[in-house]
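Chemist: Model the following, please.
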Amino acid sequence: MVRTKVTRRRSESNEVSAQLNITSGGNTTTSSSSRKKSGKAQYEVNDAVKYFTNVSSSTKVRGNLPLSLALTRLEEASQSSGLSAQHIQQLVQVASSSCFPGSVNSRLVKCLIPENVIPEDAVLSAVSWMCTNKPSSALQTLLLKWIILTYDLIESRTRLHALYGIIFQFIENDMMCPLVCHLLYLLTRKEDVVGFRVRRLLDLQKRVGIQSHITALLSVYKLYKPHLVSLAVPSTQRVYFRQIDRKWAALVQTAKDRIAAAGRQAESVTDRLHETLTEKGPVSKRKRMELVPRVTTSSIMRDAEGAHYRLPGADRTDRVQLQDISSFENLLENLERLELPSQVAAVLRSPYLQHVISCQRQRHMLQRLSLWLFQVLSAEITAEDENQQGVELLQLLINFTDFLQVNIPVCETWLADYLLTWNGLDYRPYILRIFTRCRIYQFQKLNDLILEPLRTLFFCSSVYFKCQLAYCFTELLRNYVILELPRYRGYVAMKKVRQAASVQAADHDVDDAWDPLYEYHEEHFEALQTIQSLIYYVDKVFAVGLQQERDNSLLMHLVLSFYEMVSHIHTKYNVPFTCLPCPGVVYRAVFSSNAMACSRMCSIIARYRNEYSSLKQSSEASNNMSDLSKQVTALNGYILDISNSLWRHKAFTTSKTPSVFNMPTEIVNATQVNLPNGSFSVHNHIALVGYARRFLVETQPEGKRVHPSLIRGNNRDTYLEFLKTERVDGVVDFISTFIKRSSNN
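Modeler: A predicted model of the protein is given here:
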């Protein structure tokens with residue numbers, strides 16, 4: 001009897017070995033033909049799957065060579081090209097039913113890496129088997145890990161979401177609870193948040209203590225229905241879930257990259273044109289593998305001929321798919337019945353979805369988008385060199401923030417980390433553009449996180465980087481005074497009204513027009529102080545930068561653009577103060593060899609006269625009259641020095657008031673310059689002497705020897721008109737504003 005069983009087992013092993021082509025007498029013709037290699041590999045994978053689905057196959061592990069070879073071939077196939085949907089469906093049934101020992105089932109589950117997508121039936125089958133007593137707790141945990149890792153590869157999640165209540169029951173299992181919360185975190189919709197589930201989670205938290213995975217699920221519940229969850233949850237930047245099996249996760253990520261690469265390679269020009277012209281068309285499976293997903297809804301699929309169809313159970317008449325929206329009017333009509341896509345990152349590509357988020361302000365979507373952005377930015381931008389996918393991601397992010405007119409806080413958190421190691425080259429235009437959209441904070445925080453790394457790069461980089469950063473400083477200040485300051489003022493006022501009123505009255509009587517899309521998670525601070533400190537900070541940086549680059553013309557142009565904005569910050573933007581440029585910037589521009597710099601600085605100084613006149617009449621500026629008087633004194637010093645040098649020929653005349661020209665007469669005489677007091681006049685200035693010569697050539701008789709000293713008396717007024725026609729009108733504006741001239745002069 002024993003010999004008969006051994007003989008039968010050997011015959012079964014030989015039969016399976018022959019099916020798997022492992023006998024020593026294999027087909028030499030097939031192995032030698034390169035044309036049939038791919039077919040042979042597929043044949044071996046099919047036979048390996050048949051081995052596990054065959055009820056008569058041996059389940060013995062030790063010494064079972066066919067079993068070992070079948071597992072090895074499945075692992076190699078899953079890692080190289082992935083398994084087909086049919087094979088995954090069959091192997092899920094085998095592994096979940098625990099027909100084989102636990103070690104074999106574990107290896108089978110880790111082989112479930114798809115060739116394209118994972119059929120939803122396979123996931124439903126795994127959840128169904130988990131509800132029985134067949135799979136062990138360890139195997140159930142492994143199945144949950146597989147669903148979470150391959151969540152983005154599942155063909156559809158409509159019927160999986162229908163099992164939300166069943167999956168929720170597994171939270172009582174301490175081993176599976178973190179994974180169950182993670183899966184529920186991905187699946188949760190507004191209709192899933194009900195009172196008894198919140199109570200179950202709170203009771204569980206009392207029993208096991210505060211756990212990050214429970215807190216994560218409660219945070220999603222609170223975003224959907226804050227009145228049900230009274231528990232305080234942490235900020236959105238926190239990572240709630242631990243990484244699952246890094247080696248396994250790396251294999252799944254490799255499969256995603258492989259699927260995306262294959263899709264890009266197979267894409268035709270016609271498909272690209274079709275996708276560009278129509279947003280509503282069917283989306284290929286490749287699109288789901290892109291870094292920023294396209295707008296798709298899981299209930300809409302494509303059949304073998306490329307036509308649309310809806311999955312069974314997904315034809316809900318009360319919901320409207322985003323793909324069905326064809327115009328803005330249609331969006332407004334179906335705004336309340338719109339079903340949002342499962343991948344919230346698609347908002348970066350869809351203008352319709354951006355309008356939905358800005359109008360409805362759904363906090364749960366903003367939190368999911370923040371979590372996704374932080375992880376993707378860290379993985380694609382921080383950890384990798386510059387690439388096309390990173391450029392596309394940053395450009396879409398910038399377009400999204402420009403639409404919202406507010407930066408995303410998690411982007412600023414990532415930017416602060418990235419600037420510490422940034423080389424100033426990778427993604428430079430995009431990084432600087434994100435910097436200009438920073439929200440307003442206390443200046444010390446802004447300086448430590450953002451400004452200090454940029455200052456270090458400013459002084460050790462080329463003049464072109466300095467010019468780009470100078471432009472960004474101007475844009476940051478513009479963003480603060482136009483958008484951030486009014487927004488923060490409205491937020492503070494709204495908060496004070498809500499605190500003063502009762503909670504019931506506040507819910508109905510307070511205007512939420514100033515309610516920000518992203519709340520301020522810090523104590524009250526003086527926003528005006530931040531703006532003033534920023535201007536003085538940039539002023540010092542510019543003074544050193546101009547000295548370092550020897551008054552580079554392009555840098556000087558951008559520096560003067562900054563001060564042109566500051567010179568009317570009160571009259572144009574209603575900011576109750578203004579700031580004068582430091583002497584190191586003023587005098588470098590006035591006495592520059594560049595007429596553009598001299599003219600524009602004179603125009604800026606002339607603007608400050610109107611600015612301070614308006615500030616003296618302003619009630620908001622009355623609290624800072626001491627600082628205002630000091631600035632007026634400094635402005636008068638600038639005006640006196642420029643007037644003495646450009647018009648009065650008194651540049652080096654001894655004066656009791658502080659002046660840039662106050663120096664001993666011996667030093668002035670040692671220069672051996674003829675008539676030094678008129679060296680910087682409008683016709684002798686190094687930047688204007690060329691205009692003086694051109695003026696004399698045009699106005700004096702031909703052949704007469706010309707010299708700037710000929711411009712005197714009434715000729716000076718004619719010369720000023722000539723400067724105005726030459727677009728050096730800043731000098732003319734300064735003289736006409738601050739110098740009183742008689743009618744005969």
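Chemist: list the contacts for residue 461?
Modeler: residue 424 (CB atoms under 8 Å, 6 or more residues apart in numbering). All C-beta atoms are positioned from the backbone trio N, CA, C, and that covers glycine.
Chemist: what about it, distance to residue 660?
Modeler: Residue 461 sits 30 Å away from residue 660, going by CB to CB, to the nearest Å.
Chemist: Then residue 170?
Modeler: Counting by CB to CB, the gap from residue 170 to residue 660 is 78 Å.
Chemist: With neighbour numbers in mind, choose between the two.
Modeler: Higher neighbour count among residue 170 and residue 660: residue 170, with 21 against 18, using other CB atoms under 10 Å.
Chemist: doesn't residue 180 make contact with the more buried one?
Modeler: Yes: counting by CB atoms under 8 Å, residue 180 is a contact partner of residue 170 at 4.6 Å.
Chemist: And residue 551, how far from residue 557?
Modeler: 11 Å.
Chemist: Spit out the residues that contact those two alike.
Modeler: Common neighbours of residue 551 and residue 557, using CB under 8 Å, 6+ apart, are residue 597.
Chemist: Ends of stretch 80-89, what's the gap?
Modeler: Distance between the two ends of stretch 80-89: 19 Å, counting by CA to CA, to the nearest Å.
Chemist: what pLDDT, on average, does it get?
Modeler: Across stretch 80-89, the average pLDDT comes to 89.
Chemist: in it, what's buried?
Modeler: By 16 or more other CB atoms under 10 Å, the buried positions in stretch 80-89 come out as 81, 82, 83, 84, 85, 87, 88, 89.
Chemist: Reformat those residues as JSON lines; add secondary structure and distance to residue 203.
Modeler: Output for the buried residues of stretch 80-89, formatted as JSON lines (DSSP: H, G, I helix; E, B strand; the rest coil; distance: CB to CB, whole Å):
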{"residue": "81", "secondary structure": "coil", "distance to residue 203": "47"}
{"residue": "82", "secondary structure": "coil", "distance to residue 203": "42"}
{"residue": "83", "secondary structure": "strand", "distance to residue 203": "41"}
{"residue": "84", "secondary structure": "coil", "distance to residue 203": "44"}
{"residue": "85", "secondary structure": "helix", "distance to residue 203": "40"}
{"residue": "87", "secondary structure": "helix", "distance to residue 203": "42"}
{"residue": "88", "secondary structure": "helix", "distance to residue 203": "37"}
{"residue": "89", "secondary structure": "helix", "distance to residue 203": "38"}
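Chemist: What is the nearest of those residues to residue 131?
Modeler: residue 89 (18.2 Å; CB to CB).
Chemist: need the contact list for that closest one.
Modeler: Contact analysis of residue 89 by CB under 8 Å, 6+ apart lists 119, 121, 122, 125.
Chemist: one more time with 6 Å, if that's ok
Modeler: Neighbour list for residue 89: 119, 122 [criterion: CB atoms under 6 Å, 6 or more residues apart in numbering].
Chemist: cool, and residue 726?
Modeler: residue 691.
Chemist: pLDDT value on it, please?
Modeler: Per-residue pLDDT puts residue 726 at 93.
Chemist: Tell me the secondary structure at residue 421.
Modeler: coil (DSSP: H, G, I helix; E, B strand; the rest coil).
Chemist: and it, how many residues sit next to it?
Modeler: As a burial measure, residue 421 scores 8 neighbours (other CB under 10 Å).
Chemist: List phi and psi for residue 321.
Modeler: In terms of degrees, to the nearest 10, the main-chain angles of residue 321 are phi -80, psi 150.
Chemist: who does it bridge with?
Modeler: residue 339 (DSSP bridges).
Chemist: Next one: it relative to residue 160, how far apart?
Modeler: Counting by CB to CB, the separation of residue 321 from residue 160 is 18 Å.
Chemist: what do you get for residue 349?
Modeler: Residue 349 is 24 Å from residue 160, by CB to CB.
Chemist: Neighbour count for the two, which is higher?
Modeler: When residue 349 and residue 160 are compared for neighbours, residue 160 comes out ahead with 21 against 17, by other CB under 10 Å.
Chemist: Which residue is the nearest non-sequential neighbour of that one?
Modeler: Of all residues not flanking residue 160 in the chain, residue 123 sits nearest, at 5.6 Å (CB to CB, 6 or more residues apart in numbering).
Chemist: Next, count neighbours for the one you found.
Modeler: The number of residues packed near residue 123 is 25, by other CB under 10 Å.
Chemist: same deal with the one 4 residues further on?
Modeler: Applying other CB under 10 Å, we find 20 residues neighbouring residue 127.
Chemist: Just give the closest residue to residue 611, not the sequence neighbours.
Modeler: residue 578 (5.0 Å).
Chemist: what about that neighbour, which SS state?
Modeler: Here residue 578 is coil, with the state taken from three-state DSSP.
Chemist: what's residue 661 sitting at in phi/psi?
Modeler: Phi and psi for residue 661, reported as degrees, to the nearest 10, are phi -90, psi 0.
Chemist: returning to that earlier point: can you lay out the buried residues of stretch 80-89 as a markdown table showing distance to residue 719?
Modeler: Formatted as a markdown table, those follow (distance: CB to CB, whole Å):
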| residue | distance to residue 719 |
| --- | --- |
| 81 | 82 |
| 82 | 81 |
| 83 | 86 |
| 84 | 87 |
| 85 | 85 |
| 87 | 90 |
| 88 | 87 |
| 89 | 90 |
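Chemist: and the helix or strand in which residue 434 is found, what does it pack onto?
Modeler: Assigned by DSSP states H and E, residue 434 belongs to helix 428-436. Judged by 3 or more CB pairs under 6 Å, 6 or more residues apart in numbering; DSSP states H and E, the packing partners of helix 428-436 are helix 463-479.
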